[in-house]
Every structure is written in C-alpha cells, then in structure tokens.
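Student: sharing a model that was predicted from the sequence below.
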Amino acid sequence: MQNKELQFAVSAIFAGLLYYLGIVAVPIMMLIFAMIVDYITGMSAAWYNSELSSKKGIKGIVKKVSYLALVVAAMIIDWLISQGLQQINVNMNYSVFFAVLVAVWLIINELISTLENLSRMGVPIPKFLTKIIEKIKVKVEEEK
C-alpha cells in the first residue's frame, strides 16, 4: 500500500515540476543526463589513467550543481524581464529565452567534455562528431 502512495507522491511532484518548468523542463533533464554521463566518463578516464582523486570528484559534483544554479539564475532573469515588460504592456512570446539558451550551452559543454574524457581513455572519436558539436557551440554563442 505504501509503495503505491510513494509512487503517487513522486509522480505528482514530477508532474508539478514539469508543469511549472514548462519548456525549460526538457533542456534541464537533458542537461542533468549529460552531466551524469560526463561525470561517469570523467571518473572512468581518471581511473583508467590512474589519476582518480576524491577531491577532483567532489569538485566535479560541485561544478555540476553550479551549472543548475546558473540555469536557475537565467530563469530568474527571464522572469524579471517578462515582469518588467508586462508593466509597460509588452507581451513576450517566450518567457524562458535565457534559461533555455544557458541550458543548451551547458549541454554542449558537457558533450564536449564527455568526448574529451572518452578520448583520454583511448576511445577513437570520429572527427565529424567533434566538428559538429564545436559548430553547434559556435552557433549557440553567435545566437546569444
């Protein structure tokens, strides 16, 4: 019985979060997934190269949490701009522009870092993959 109640509570919280975050939910979930993959590949590369350090691992976790704080800061900026424009009767179609832009930029950085980690372990990385990610990063930075 309690298992179903816990499932309901978790589902309700998750659904509420998705509703509240709206369009930013997907980039945030992708960012979290990319951060987890990058962390795992980073720790694996450190182990593979006999460079494993708990201090570096903790620094990595703090850095990843800071990424989420950066997305939250961008969401606050979006909200402030939206509220300011509403005060002068200007309606924006996108109320989370900067949050999505920051999340996508961070996802790209995580992908680049993941490729670097894999390369450190001797995994052959196709040149076209690296070039595509670099081009996407440049494009996102130009669009800012």
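Tutor: Looks like it arrived, so ask away. Residues are numbered from 1 along each chain as shown.
Student: hmm, Ile112 and Leu129 touching each other?
Tutor: No. Using C-beta atoms under 8 Å, Leu129 is not in contact with Ile112; the gap is 10.4 Å. To be clear about C-beta, it is placed using only N, CA and C from the backbone, and glycine gets the same treatment.
Student: which of the two has more residues huddled nearby?
Tutor: For the pair Leu129 and Ile112, the greater number of neighbours falls to Ile112 (16 against 11), based on other C-beta atoms under 10 Å.
Student: tell me the confidence at the more buried one?
Tutor: On the pLDDT scale, Ile112 is placed at 87.
Student: so what secondary structure elements neighbour the one helix or strand it maps to?
Tutor: Secondary structure assigned from DSSP states H and E places Ile112 in helix 97-120. With contacts defined as 3 or more C-beta pairs under 8 Å, 6 or more residues apart in numbering; DSSP states H and E, helix 97-120 has these neighbours: helix 25-48, helix 54-87, helix 127-143.
Student: just say helix, strand or coil for Ile125.
Tutor: coil (DSSP: H, G, I helix; E, B strand; the rest coil).
Student: so who does Leu80 touch?
Tutor: Contact analysis of Leu80 by C-beta atoms under 8 Å, 6 or more residues apart in numbering lists nothing.
Student: state the distance from it to Phe97.
Tutor: 12 Å (C-beta to C-beta, to the nearest Å).
Student: ditto for Val26
Tutor: 15 Å.
Student: higher neighbour count, these two?
Tutor: In terms of neighbours (other C-beta under 10 Å), Phe97 is the more surrounded of Val26 and Phe97; the figures are 16 against 13.
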